[in-house]
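[1] Predicted structure and sequence below. I'll ask about it afterward.
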Amino acid sequence: MLSLATLSAATTGASARQFRALGTSLVFHPRSALVPTVHANIRYLEVAVRAWYGGGTDLTPYVLFEEDCVHFHTVLKDLCAACDPSYYARFKKECDRYFYLPHRGDSRGIGGIFFDYLGRDNPGELEKGRALVEGLAGRFLEAYVPIVLRRKELEASDAERSFPLLRRGRYVEFNLILDRGTQFGL
């Protein structure tokens, strides 16, 4: 499990520096068309005297299995409830908005949670942001691995094997056109 304990020690005396950032991001595009793509990202930023957490995770299945969607979202809902009962509905809505391709009228997948700026404007929310980021890092495998284990040995049809190519193209479109991180990097 990822721990931000070293981050806490590293950020002591933050007034000596104007900017700090810590983050990790992953995207898993499986070979099997029956195993969904998953994305996860967590980050911590400090600018001058302000600090905040952000991140999230979302799932992009190529073949929709309702039990997988329910499982993924149940883990996320439980994770959010442990930090703040309002988080899941708020962050699911933000995920659905953020990962929507308006030029296609299509969502990237079934969503998940997405949050940003936790603690920036409300320092009292900073510890809840930290708990959410640590919880997401700690429960990510619980949300995703059971889906992989259920689907990895199943045989996909020819049509099912070609569909991921279209969906991965949409993933690239999102990253090149809409992703704030990519835009920031450019």
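    Yep, it's here.

[2] OK, contacts around residue 139?
    Counting by Cβ atoms under 8 Å, 6 or more residues apart in numbering, residue 139 makes contact with 75, 79. Heads up, the C-betas are built off the backbone N, CA and C, glycines and all.

[3] Could you rerun that using 10 Å?
    1, 57, 75, 76, 78, 79, 82 (Cβ atoms under 10 Å, 6 or more residues apart in numbering).

[4] any idea of the pLDDT on the third one?
    Read it as residue 75. Looking at residue 75, its pLDDT reads 98.

[5] Skip ahead from the longest helix seen in the chain and say which helix or strand is next.
    As assigned by DSSP state H, the longest helix anywhere in the chain is helix 126-151. Going down the chain from helix 126-151, the next helix or strand is helix 158-173, by DSSP states H and E.

[6] And that following helix, what does it pack against?
    strand 37-47, strand 50-60, strand 100-101, strand 106-107 (3 or more Cβ pairs under 10 Å, 6 or more residues apart in numbering; DSSP states H and E).

[7] The helix or strand following the second one relative to strand 37-47, how many degrees between them?
    Going back to what we said before, that points to strand 50-60. Going down the chain from strand 50-60, the next helix or strand is helix 66-83, by DSSP H and E. Relative orientation of helix 66-83 and strand 37-47, computed by axes from the mean of the first three to the mean of the last three Cα atoms, to 10 degrees: 20 degrees.

[8] Only the C-alpha atoms, please, for helix 66-83, written as CSV.
    Extracted C-alpha coordinates of helix 66-83, given in CSV (Å, rounded to 0.1, in the frame of the first residue of the first chain):
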residue,chain,number,x,y,z
GLU,A,66,-22.8,-5.5,-15.0
GLU,A,67,-21.3,-7.3,-12.1
ASP,A,68,-17.9,-5.8,-12.9
CYS,A,69,-19.4,-2.3,-13.0
VAL,A,70,-21.2,-2.8,-9.7
HIS,A,71,-18.1,-4.2,-8.1
PHE,A,72,-15.8,-1.4,-9.2
HIS,A,73,-18.3,1.3,-8.1
THR,A,74,-19.1,-0.4,-4.8
VAL,A,75,-15.4,-0.4,-3.8
LEU,A,76,-15.2,3.3,-4.7
LYS,A,77,-18.4,4.2,-2.9
ASP,A,78,-17.2,2.4,0.3
LEU,A,79,-13.8,4.2,0.0
CYS,A,80,-15.4,7.6,-0.3
ALA,A,81,-17.9,6.9,2.5
ALA,A,82,-15.0,6.3,4.9
CYS,A,83,-13.7,9.8,4.2
